[in-house]
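Q: Model the structure of this input:
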Amino acid sequence: MYGHTEPVHFSVSSRDFFKTFSTISESTIVTLEVGSSQRDVLIKDYDEDITTGTIVHLDFFEVEKGKKLRTHVAIELTGSPVGVRLGGILDNNLHQVEVECLPKDIPEKFVIDVSGLDRDESIHVSDLALPEGVRVLTAPEQTIASIVMPRAEVESDDEAGDGEGAGEASAE
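A: This next block holds a predicted model:
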C-alpha cells in the first residue's frame with residue numbers, strides 16, 4: 001500500500017479478496033484493516049498468475065481525505081440504439097475515462113443510454129453528465145460510442161464482367 005505515507009507491505013487472504021474483488025473497480029474506495037488501523041484505499045494494479053487465476057500481487061493506493069486524486073471510472077452503455085435497428089453497428093471505443101476529484105466524489109461508473117443514437121452519430125467525452133466536483137481529464141473530443149454503417153465491397157470493373165459498357169457507366 002502506498003500513498004501519502006510510507007509504503008506498507010502486508011498479505012491479504014485470496015479467498016477474502018476474491019469475494020470482494022468481483023464487486024469493486026479501480027474507482028471503488030475500500031477500507032482495509034491494517035494492524036489496528038483502518039485505511040481507505042483504491043486498487044491501482046494487480047498481477048495475476050494466468051495459469052491458475054490466482055492474484056500474486058496487489059497495489060493499493062491510500063487516499064487522503066480532502067485531497068483530490070486521479071483515477072479511472074468505467075463507462076457502461078445501456079439501451080438499444082436506433083441506428084443498430086436500422087442496420088448499423090454500435091462501436092464502443094472507450095470503456096473508461098480518467099477523472100480528478102475528491103475521494104468522496106468518485107463516481108462508481110458513468111452509465112450512458114445509447115437508445116437515441118442513430119446512424120453516423122456518436123457520443124463524446126464532452127457529452128458526459130458529470131457529478132459536481134468531478135473533472136474529466138480524458139480529451140473531450142474522444143469518442144465513447146458511435147453507430148457506424150457496415151461497408152459493402154464494391155466490385156472492380158475487371159471483376160464485374162467482360163468490361164463492356166464500363167466506360168459508359170463511368171461517364172454517366
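Q: drop to CA atoms for contacts and neighbour counts, all remaining ones
A: Fine.
Q: Tell me the pLDDT of Glu48.
A: Per-residue confidence (pLDDT) for Glu48: 80.
Q: number of nearby residues for it?
A: 12 (other C-alpha atoms under 10 Å).
Q: ok, now the one 5 residues further on?
A: For Gly53, the number of neighbouring residues by other C-alpha under 10 Å comes to 9.
Q: How far off centre is the top helix by length along the chain?
A: If you go by DSSP state H, the chain has its longest helix at helix 14-21. How far helix 14-21 lies from its chain's middle: 23 Å, per C-alpha atoms, centre = their mean, to the nearest Å.
Q: and the next element down the chain from it?
A: Downstream of helix 14-21, the first helix or strand assigned by DSSP states H and E is strand 30-34.
Q: Which parts of the chain are strands?
A: Assigned by DSSP state E, the strands in the chain fall at 30-34, 37-49, 54-62, 69-78, 89-92, 96-101, 109-113, 122-124, 135-136, 143-148.
Q: thinking again about what came up before, for the longest helix of the chain, what does the pLDDT average out to?
A: Mean predicted lDDT for helix 14-21 stands at 71.
Q: ok so, going back, closest one to Met1 among the strands of the chain?
A: For those, the distance to Met1 is smallest for strand 54-62, at 4.5 Å, taking C-alpha to C-alpha.
Q: Pull the residues that contact the closest one.
A: 1-4, 14, 39-49 (C-alpha atoms under 8 Å, 6 or more residues apart in numbering).
Q: Sounds good, over and out.
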